[in-house]
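Novice: model this:
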Amino acid sequence: MKTDLLRFNGAVEHDPSIDAWLQAHHGELGNIAREWFEVHDGCPVACLGDVPFGYVNVFTSHVNVGFFQGAALPDPARLLQGTGKRMRHVKVKPGTAIDAAALRNLIEAAYAEIKARVENG
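Specialist: Numbers count the residues shown, from 1 in each chain. Sure, this is the predicted structure:
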């Protein structure tokens with residue numbers, strides 16, 4: 001599935017307000033969000049330049065690790081959830097085991113996919 005690239009005008013490499021946002025979420029959910037947020041480059045979402053490929057968000061009972069082009073990602077471990085045209089996410093819950101290697105593979109695949117699209121138009 002090839003689509004136009006979503007771009008965030010004004011994207012910055014590191015915004016201190018994101019650190020504050022992450023620190024405001026305490027307990028197990030905050031720890032999960034910080035762990036998976038550290039996988040990427042510190043943007044409010046994981047970006048390659050101004051092109052987003054992933055995000056982390058905290059909800060009441062879980063954390064989403066999401067992918068802007070998740071519907072196109074290989075997911076042999078079947079972690080991805082959602083029915084959107086493009087976006088998919090993985091729900092991470094306290095006390096529930098997650099296949100960390102499979103999630104890291106999704107993150108790496110999302111980065112590689114967007115990098116190839118940026119570099120090749």
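Novice: And the strands in this protein, which stretches?
Specialist: Ranges of strands within the chain are 45-48, 51-58, 63-67, 88-92, based on DSSP state E.
Novice: so which of those comes closest to E119?
Specialist: With CB to CB as the criterion, E119 lies closest to strand 45-48 of these, at 9.3 Å. Where you see a C-beta, it was placed from the backbone N, CA and C, and this is true even at glycine.
Novice: what's near enough to touch D75?
Specialist: Applying CB atoms under 8 Å, 6 or more residues apart in numbering, one finds that D75 lies in contact with R88, A102, L106.
Novice: which one of the residues you listed is nearest R34?
Specialist: Checking these against R34 by CB to CB gives L106 as the nearest, at 18.4 Å.
Novice: That closest one: how many residues sit nearby?
Specialist: 22 (other CB atoms under 10 Å).
Novice: could you list every residue that touches the nearest residue to it once chain neighbours are set aside?
Specialist: Nearest non-adjacent residue to L106, counting by CB to CB, 6 or more residues apart in numbering: L73, 5.9 Å away. By CB under 8 Å, 6+ apart, the residues touching L73 are F67, L80, R88, L106, A109, A110, E113.
Novice: Now do the nearest residue to the fifth one once chain neighbours are set aside, the pLDDT please.
Specialist: Distance criterion CB to CB, 6+ apart; nearest residue to A109, sequence neighbours excluded, is L73 at 5.2 Å. Model confidence at L73, expressed as pLDDT, equals 96.
Novice: before we move on, the earlier item: let's have the strands of the chain in JSON lines, adding distance to W21, mean neighbour count and mean pLDDT.
Specialist: Converted to JSON lines, the strands of the chain look like this (distance: least, CB to CB, whole Å; neighbours: other CB atoms under 10 Å; pLDDT from 0 to 100):
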{"stretch": "strand 45-48", "distance to W21": "12", "mean neighbour count": "22", "mean pLDDT": "80"}
{"stretch": "strand 51-58", "distance to W21": "9", "mean neighbour count": "22", "mean pLDDT": "88"}
{"stretch": "strand 63-67", "distance to W21": "13", "mean neighbour count": "25", "mean pLDDT": "92"}
{"stretch": "strand 88-92", "distance to W21": "17", "mean neighbour count": "21", "mean pLDDT": "96"}
